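>>> what follows is a predicted protein model with its sequence.
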Amino acid sequence: MITLEQANDTIPLFAERPQYPFQSMNIGDSLFLSEFRKAESARVSAIQFVKRRQLDWKFSIQKSREGWRIYRIR
């Protein structure tokens, strides 16, 4: 027999677990990532962050000698 258990309403199903500190970034702040793959993932996450919160922010990615930087430009 299968029993259905109702979830507790006080526990969210999908808790927000920010991997990158986009919320606390000001214009001109940047994140440094040494691997392109991680930098590209962070760039996509920044785009999704802006879309979900309907913000008028922009992020840019730039190559440096040591790795990659993601800047908040607006």
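Alright, I've got the coordinates. Because the structure is predicted, anything quoted here is derived from the model rather than measured.

>>> so where's the protein shaky on pLDDT?
Within the chain, the segments meeting pLDDT under 70 span 1-17.

>>> OK, contacts around the residue sitting nearest the centre point of it?
The chain has Ser45 as the residue nearest its centroid, 3.9 Å off, counting by CA atoms, centre = their mean. Residues near Ser45 by CB atoms under 8 Å, 6 or more residues apart in numbering: 19-20, 22. The C-beta positions use only the backbone N, C-alpha and C, and glycine is treated the same way.

>>> can you show me the helices along the chain?
For the chain, the helices defined by DSSP state H cover 36-53.

>>> returning to what we had before: who wins for neighbours among the contacts of Ser45?
Neighbour counts for those, by other CB atoms under 10 Å, peak at Phe22, which reaches 21 neighbours.

>>> quick one: the spatially closest residue to that one that is not a sequence neighbour from Ile61, how far?
The shortest distance from Phe22 to any non-neighbouring residue, by CB to CB, 6 or more residues apart in numbering, is to Phe49 (4.7 Å). Distance of Phe49 to Ile61, given as CB to CB, to the nearest Å: 14 Å.

>>> from memory Ser60 sits against Ile73, does it?
Yes. The pair Ser60 / Ile73 is scored as a contact, 5.0 Å apart, by CB atoms under 8 Å.

>>> okay, now the residue nearest to Lys58 when sequence neighbours are not counted: neighbour count?
Once flanking residues are discounted, Lys58 sits nearest to Arg74: 4.1 Å by CB to CB, 6+ apart. Arg74 sits with 11 neighbouring residues when counted by other CB under 10 Å.

>>> what sits against Arg74?
Applying CB under 8 Å, 6+ apart, the residues contacting Arg74 are 27, 56-58.

>>> among the residues you listed, which two are most distant?
Using CB to CB, the pair of the contacts of Arg74 lying farthest apart is Ile27 and Asp56, separated by 11.4 Å.

>>> who has more neighbours, these two?
The neighbour count for Ile27 versus Asp56, taken as other CB under 10 Å, is higher for Ile27 (10 against 6).
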